[in-house]
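**Q** build me a model:
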Amino acid sequence: MSAPTAPAPTVLAEAPGWWERANKATVAMAAVTVLLFAGFGIGADNFLSFDNISNLATQVAITLIVAVAMTFVITTGQIDLSVGSTVAFVAVLTAEMLKAGWDSSLVIGAALLAGLFWGAVNGWLAAYQKIPPFIVTLATMSVIRGLAQLWTQGFSVPIDRRLYIAKIGEAKFLGFSALAWIALGAVVIGAVLLSRTRFGGYVNGIGSQEESVRRAGVNTDRIKMVTLMLAGLAAGVAGLLTAARLGSGSANSGQGFELTVIAAVVLGGTDLFGGRGTMTGTIIGAVITGMIANGLTLLDVSPFLTPIVTGMVLLAAIWVNLRGRTLADLATHMVRRS
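**A** Below you'll find the model as predicted:
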């Protein structure tokens, strides 16, 4: 009789550390944020003043509100180029309704419904009619802004500063504007939805393995439509706040706004091709875009240089986004060798 064989020792897999689990692109952009903050703080005397930080928060707020919703859109592998036009349309709608004597509460409701409507149009065409989101939103970008321009004939529509909506643009709490607090609320809601709910899991799953999620019984078309509706709703909020802050509604509002929003999302580490979304990264990306414009202005640099710098930073971010895993592996290997 042969002797019993001793059981092989059990080897437990080592749990991945913080560095292995971290979004490398987000970490890199966080480091860039710190460097920019320090650089502008040294170069501009009043950059670190409370008044400027409060002003920066207000400047970033509207971008951040829409970027939160755009994070869901891009994470599912889609894109929305119409948010800037929706901002303009809702700003014009808000000003025109107030001019006609509508109550502010009704105007707020109409503004949100208008944004939601355009998001639903984009979502239905992209998700259910299977038209690529890039094409759909490129077309609606032109249609929505064209309607706003036709409505106003290119003129800006003023808002009476005594009205409630106008006061929202001027309101402050603890030294920060109402816009900044609204943006903070949007971030909290977005972070909970993305990381703590089944909906957020579906959003990440659709971006990486849509067919697997569909076979699990999830209505992926509906999820994709909902994400575009969220983007439309967020653009509606942004349009309302833009009108409140500027004291007028203009069909020219939000020119290039969609690119700023997309840049903020991608800068933060959300995968441009879907499957990996990060709300923390979106905050970082929005702060970077706002900080560049704010810091260069304080340094008396030509405003025409701002889009150049932003574009270069965006290119660098996309490169890190695509090569982040390779760079992280290389850095880990060098650290271990040392």
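
**Q** and the strands in the stretch 201-338 of the chain?
**A** Secondary structure of the stretch 201-338 of the chain, counting by DSSP state E, counting those that start in this stretch: strands at 248-249.

**Q** can you give me the helices for it?
**A** Secondary structure of the stretch 201-338 of the chain (DSSP state H, counting those that start in this stretch): helices at 220-246, 257-267, 279-298, 306-337.

**Q** looking at those helices, which is closest to Val213?
**A** Closest to Val213 of the helices of the stretch 201-338 of the chain is helix 220-246 (Cβ to Cβ; 5.7 Å). The C-beta positions use only the backbone N, C-alpha and C, and glycine is treated the same way.

**Q** next, the angle from the closest one to helix 257-267.
**A** Angle, helix 220-246 to helix 257-267, by axes from the mean of the first three to the mean of the last three Cα atoms, to 10 degrees: 120 degrees.

**Q** so how far is helix 220-246 from its chain's centroid?
**A** The chain centroid and the centroid of helix 220-246 are separated by 11 Å under Cα atoms, centre = their mean, to the nearest Å.

**Q** packing partners of that helix?
**A** Packing partners of helix 220-246 (3 or more Cβ pairs under 8 Å, 6 or more residues apart in numbering; DSSP states H and E): helix 50-75, helix 83-99, helix 104-123, helix 164-168, helix 178-196, helix 198-215.

**Q** which of these is buried the deepest?
**A** Among these, ranked by average contacts under mean count of other Cβ atoms under 10 Å, first place goes to helix 83-99 (a mean of 27).

**Q** flag the helix or strand of this structure with the lowest per-element mean pLDDT.
**A** Every helix and strand in the chain was compared by mean pLDDT, DSSP states H and E; the lowest is helix 18-21, with a mean of 52.

**Q** ok, then the element right after that one?
**A** Next helix or strand after helix 18-21 toward the C-terminus (DSSP states H and E): helix 24-43.

**Q** which strands and helices sit next to that following helix?
**A** Against helix 24-43 (3+ Cβ pairs under 8 Å, 6+ apart) you get helix 279-298, helix 306-337.

**Q** where among these is average confidence lowest?
**A** Sorting those by mean pLDDT places helix 306-337 lowest, at a mean of 64.

**Q** just how off-centre is stretch 211-220 within its chain?
**A** Its chain's C-alpha centre and that of stretch 211-220 lie 26 Å apart, by Cα atoms, centre = their mean.

**Q** can you show me the CA trace of that stretch as CSV?
**A** What follows is stretch 211-220, C-alpha atoms only, in CSV (Å, rounded to 0.1, in the frame of the first residue of the first chain):
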residue,chain,number,x,y,z
GLU,A,211,-23.1,42.2,-24.7
SER,A,212,-22.4,40.4,-21.4
VAL,A,213,-24.6,43.0,-19.6
ARG,A,214,-27.3,42.5,-22.1
ARG,A,215,-27.2,38.7,-21.8
ALA,A,216,-27.6,39.2,-18.0
GLY,A,217,-31.0,40.6,-18.7
VAL,A,218,-30.3,44.3,-18.5
ASN,A,219,-32.0,46.6,-20.9
THR,A,220,-28.8,48.3,-22.1
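
**Q** can you give me the pLDDT of Ser338?
**A** At Ser338, pLDDT is 51.

**Q** I meant to write Thr86 there.
**A** Looking at Thr86, its pLDDT reads 96.

**Q** that one contacts Leu240, correct?
**A** No - with contact defined as Cβ atoms under 8 Å, Thr86 does not count as touching Leu240 (11.0 Å).

**Q** in this protein, where is pLDDT below threshold?
**A** Along the chain, segments meeting pLDDT under 70 span 1-25, 317-318, 320-338.

**Q** need the contact list for the residue most central in space within the chain.
**A** Nearest residue to the geometric centre of the chain (Cα atoms, centre = their mean): Ala67, 1.0 Å. Taking Cβ atoms under 8 Å, 6 or more residues apart in numbering, we find Ala67 in contact with 261, 264-265, 282, 285-286.

**Q** before we move on, what about Ala264?
**A** Per Cβ under 8 Å, 6+ apart, neighbours of Ala264: 63-64, 67, 70, 282, 285-286, 288-289.

**Q** quick check: it vs Gly175, distance?
**A** 24 Å (Cβ to Cβ, to the nearest Å).

**Q** before we move on, what about Leu194?
**A** Counting by Cβ to Cβ - Leu194 and Gly175 are separated by 29 Å.

**Q** before we move on, what about Glu210?
**A** 45 Å.

**Q** and what of Thr260?
**A** 25 Å.

**Q** verify the stated contact: Thr140 with Asp80.
**A** No - checked against Cβ under 8 Å, the pair Thr140 and Asp80 is beyond contact range at 9.0 Å.
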